[in-house]
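*Asks:* coords below, sequence missing:
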């Protein structure tokens with residue numbers, strides 16, 4: 001979708017928009033949202049970051065999904081100048097050396113990782129007043145680099161159903177934290193299953209129970225421990241996919257995904273999908289895992305399954321693992 005197409009849809013007189021979910025854990029679906037609620041979400045972000053008329057906002061994510069749409073809506077709500085870049089892995093390349101002022105920009109982790117590889121693009125990133133990063137996990141190495149940046153960099157928490165983010169976690173500077181702070185008018189609690197429940201009447205008429213297993217501290221902040229649908233029960237021991245992947249990332253493995261398949265002995269068997277060769281360093285990284293975290297199967301693929309927004313496609317990963325493993329038996 002182009003910006004012109006989005007603006008026609010925004011100004012077509014209808015009170016709602018149809019939005020596509022990313023499908024990271026299941027089948028992508030379309031939901032209908034009210035434009036007034038999108039404006040309320042945009043207003044909340046602009047107020048929190050003290051954005052004002054005439055500021056500049058960078059749109060470098062697809063307008064087919066909520067992140068891109070909401071950047072356009074924020075520019076509408078606050079009358080900001082919208083700078084548009086075709087979505088790609090180096091969205092700041094064209095701004096290098098130009099001195100262009102950017103007050104707000106949102107990226108996915110892949111775009112940040114690629115930007116940090118190029119010094120000129122890294123300099124542009126460090127000059128953006130407010131940087132939002134969402135749509136995937138930020139690895140420890142990236143976070144350590146961003147912690148030294150002089151500007152305001154945040155990890156965001158949200159989903160299509162919450163019309164973009166409902167909480168921010170500071171990454172840069174002395175205020176860096178491991179905890180997300182809910183935005184004004186947003187309240188949170190835990191379900192009996194320890195999943196996060198979000199109440200934000202201006203965004204959703206009903207409380208939303210997520211699949212994210214969370215912890216809430218005494219200041220009303222939260223952190224995500226994993227997803228309920230990403231829990232593997234292997235031999236009676238429950239393991240979070242995200243925890244295994246994080247441990248392997250810390251050991252130096254990047255192009256990997258963890259999933260599981262049914263197993264007659266263990267209930268579920270842990271499976272690693274990888275797009276790298278199984279070298280000695282690869283094997284050493286796996287040996288850093290606790291015994292019950294180690295994959296029973298390792299499958300080499302040409303590329304890992306991702307959604308259109310670049311997130312791990314958990315449903316497809318599981319389907320690929322089952323097909324490859326059980327076709328051999």
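*Replies:* Perfect, thanks for sending it. Please read all numbers here as calculations on a predicted model, not as lab measurements. Residues are numbered from 1 along each chain as shown.

*Asks:* What mean pLDDT does the helix or strand that residue 157 is a member of get?
*Replies:* Using DSSP states H and E, residue 157 falls within strand 152-159. The average of the pLDDT scores along strand 152-159 is 95.

*Asks:* what packs against that strand?
*Replies:* The helices and strands touching strand 152-159, judged by 3 or more C-beta pairs under 8 Å, 6 or more residues apart in numbering; DSSP states H and E, are strand 130-133, strand 164-170. Using the backbone N, CA and C atoms, a C-beta is placed for each residue, glycine as well.

*Asks:* Where does the residue positioned nearest the centre of the chain sit: helix, strand or coil?
*Replies:* Central residue of the chain (C-alpha atoms, centre = their mean): residue 135, 2.0 Å from the mean position. Following DSSP: H, G, I helix; E, B strand; the rest coil, residue 135 is assigned to coil.

*Asks:* Tell me which residues touch it, please.
*Replies:* 22, 67, 108, 109, 309, 310, 311 (C-beta atoms under 8 Å, 6 or more residues apart in numbering).

*Asks:* how about 7 Å then?
*Replies:* 67, 108, 309, 310, 311 (C-beta atoms under 7 Å, 6 or more residues apart in numbering).

*Asks:* how far away is the residue nearest to the second one when sequence neighbours are not counted from residue 202?
*Replies:* Read it as residue 108. With sequence-adjacent residues excluded and distances taken as C-beta to C-beta, 6 or more residues apart in numbering, residue 108 is closest to residue 135, at 4.2 Å. Applying C-beta to C-beta, to the nearest Å, the value for residue 135 to residue 202 is 23 Å.

*Asks:* list the buried ones in the host helix or strand of residue 125?
*Replies:* If you go by DSSP H and E, residue 125 is part of helix 119-127. For helix 119-127, the buried set under the neighbour-count rule, 16 or more other C-beta atoms under 10 Å, comprises 121, 122, 124, 125, 127.

*Asks:* Out of these, which is nearest to residue 303?
*Replies:* residue 121 (24.5 Å; C-beta to C-beta).

*Asks:* any idea how far the residue nearest to residue 95 when sequence neighbours are not counted lies from residue 148?
*Replies:* In this structure, residue 95 finds its nearest non-sequential neighbour in residue 124, 4.9 Å apart by C-beta to C-beta, 6+ apart. From residue 124 across to residue 148, the span is 16 Å (C-beta to C-beta).

*Asks:* go on, residue 286?
*Replies:* Relative to residue 148, residue 286 is positioned 31 Å away (C-beta to C-beta).

*Asks:* again with residue 104
*Replies:* Distance from residue 104 to residue 148, by C-beta to C-beta: 21 Å.

*Asks:* Please say which of the two ends up with more neighbours.
*Replies:* Using other C-beta atoms under 10 Å as the criterion, residue 104 and residue 148 rank with residue 104 on top: 26 against 10.

*Asks:* Pretty sure that one sits against residue 52.
*Replies:* No: contact between residue 104 and residue 52 fails when scored by C-beta atoms under 7 Å: they sit 10.8 Å apart.

*Asks:* Kind regards, and thank you for your time.
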